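>>> Kindly generate the corresponding structure for this input.
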Amino acid sequence: MASQSKNVINKDKHAVNEIKTISNDNKPHWYIVQTYVGFEDAVRKTLEQKISNLALEDKILELFIPSKTVIKTNKKGDKLEKQEKVYPGYMYVHMILDKEVGYLMQNTQYVSKIAGTGDYAVALEDGYVDRLKENLLKEGQTIESASNILYQLGDLVKVVDGPFKDMQGKVCGIDAQNSRIDVLLSIFDRETRVELDILEVKRVIE
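Alright, predicted model coming up:
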C-alpha cells in the first residue's frame, strides 16, 4: 500500500527538525494522520487555520476525513440522519511532508502521529484516496465519506509492522468498519489466522 516516499519521524516531539526528509521529489503525497478518536473535525479546523496563517496552501493541499450518512432511530421511533466517521481517528492529508509541515502536524493538538512503519512516515500508493472517493460515490455517499478497505479475499499481503513483520499471507477476512483484515500466516509450520490493522500490511504484487 505504501509508495517509495518515506520520511523519518524524529521521536523527540520538541526537536526543531521534526521530520528528516529522505525523498527529494518535493511532490505532494497522501499520508494518514492519526488523531484522537472524536477529535477529527477539531484537528481539521485547527489545521485549516494554521495553513492559512502560515501560508502553507502550496504544501498542504487537502484534508480528507471519510464519513458516511447513517439512519438512526431515537426513543420515539423517529428516524434521523447522522454523519459517522468511517475510520474513527484517521485523517487523509495530501501534503509535501518536509520538516516544516511535519513539525506542524506533530505539534497540532489531538494529533497522535503520522502513520507509518517504525520511524518512517509512509505515503499511500498513488491513486489510493481517489479509489476511496470513487467507492464513496458508488455507494451514493458524499465526497467526504468512504467505507472500502480496498483489499479483497485472497489478496497476498506482506506485514510491514508489528510482531509478524516481513511475513506474507493471504487475506481471509475483512472488517471494513474497523479497518482490520484477517491474514493466514505460517507460524511454526501451521497456517494461523491473524487479525491485523490495514496499516500493518501492504499488498504484494504477484
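
>>> drop to CA atoms for contacts and neighbour counts, all remaining ones
Fine.

>>> Bridged to Gln168, which residues?
Beta-bridge partners of Gln168, counted by DSSP bridges, are Lys158.

>>> actually Arg193, sorry about that
On the basis of DSSP bridges, Arg193 is bridged to Leu184.

>>> give me the number of residues near Asp197?
Asp197 is flanked by 14 other residues according to other C-alpha atoms under 10 Å.

>>> One more: Glu81?
10.

>>> Likewise for Ile96?
Residues near Ile96, counting by other C-alpha under 10 Å, number 21.

>>> and what of Lys113?
Using other C-alpha under 10 Å, Lys113 has 18 other residues around it.

>>> Would you agree it is in contact with Gln106?
Yes: between Lys113 and Gln106 there is a contact under C-alpha atoms under 8 Å: 6.3 Å.

>>> Any idea how far apart the tips of stretch 58-75 sit?
Terminal residues of stretch 58-75 are spaced 48 Å apart (C-alpha to C-alpha, to the nearest Å).

>>> In the chain, which residue is most central in space?
Among the residues of the chain, the one closest to the centroid is Ile32, at 3.3 Å (C-alpha atoms, centre = their mean).

>>> And that residue, how close does it get to Ile65?
As judged by C-alpha to C-alpha, Ile32 and Ile65 stand 10 Å apart.

>>> residues shared between the contacts of these two?
Counting by C-alpha atoms under 8 Å, 6 or more residues apart in numbering, the contacts common to Ile32 and Ile65 are Tyr90, Met91, Tyr92.

>>> Let's see which of the residues you listed end up in strands.
The strands, defined by DSSP state E, take in Tyr90, Met91, Tyr92 from the shared contacts of Ile32 and Ile65.
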